[in-house]
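# could you work out the structure for the sequence below:
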Amino acid sequence: METYSLLREFADSWMLLLLVLIFLGTVFWAWRPGSRKLHDEAAKSIFRNELKPAGGGAPAPARSEREA
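The predicted structure follows:
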């Protein structure tokens, strides 16, 4: 029973502090100066190899081609 109380006290104090510091570090890392370029590049990476913009596409085949 004493082990549980010790772990509970540790979790309520030092572990809480550690997790708050990890959270703040993660937020700072994401919003750090100079990271905007990296975030913009990651956001646009899925479009990197497109040859033409989306939309339009190829015209629909003529009716006689669809029935054949």
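# can you give me the helices in the chain?
Secondary structure of the chain by DSSP state H: the helices cover 2-10, 16-30, 36-44, 63-67.
# now these as a markdown table including mean neighbour count and mean pLDDT?
Using the backbone N, CA and C atoms, a C-beta is placed for each residue, glycine as well. As requested, those are exported to a markdown table (neighbours: other CB atoms under 10 Å; pLDDT from 0 to 100):
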| stretch | mean neighbour count | mean pLDDT |
| --- | --- | --- |
| helix 2-10 | 9 | 86 |
| helix 16-30 | 10 | 93 |
| helix 36-44 | 10 | 88 |
| helix 63-67 | 8 | 58 |
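# can you lay out the ones you listed as TSV showing distance to L51?
Output for the helices of the chain, formatted as TSV (distance: least, CB to CB, whole Å):
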stretch	distance to L51
helix 2-10	57
helix 16-30	32
helix 36-44	15
helix 63-67	25
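# relative to F23, how far out is the nearest residue to W29 once chain neighbours are set aside?
Nearest residue to W29 in three dimensions, chain neighbours excluded: S35, at 7.7 Å (CB to CB, 6 or more residues apart in numbering). With distances taken as CB to CB, to the nearest Å, S35 is found 17 Å from F23.
# likewise for A30?
A30 is 11 Å from F23, by CB to CB.
# give the residues shared as contacts by those two.
Between them, A30 and F23 share no contacting residue under CB atoms under 8 Å, 6 or more residues apart in numbering.
# just give me how far stretch 12-22 sits from the chain centre.
Distance, stretch centre to chain centre, for stretch 12-22: 24 Å (CA atoms, centre = their mean, to the nearest Å).
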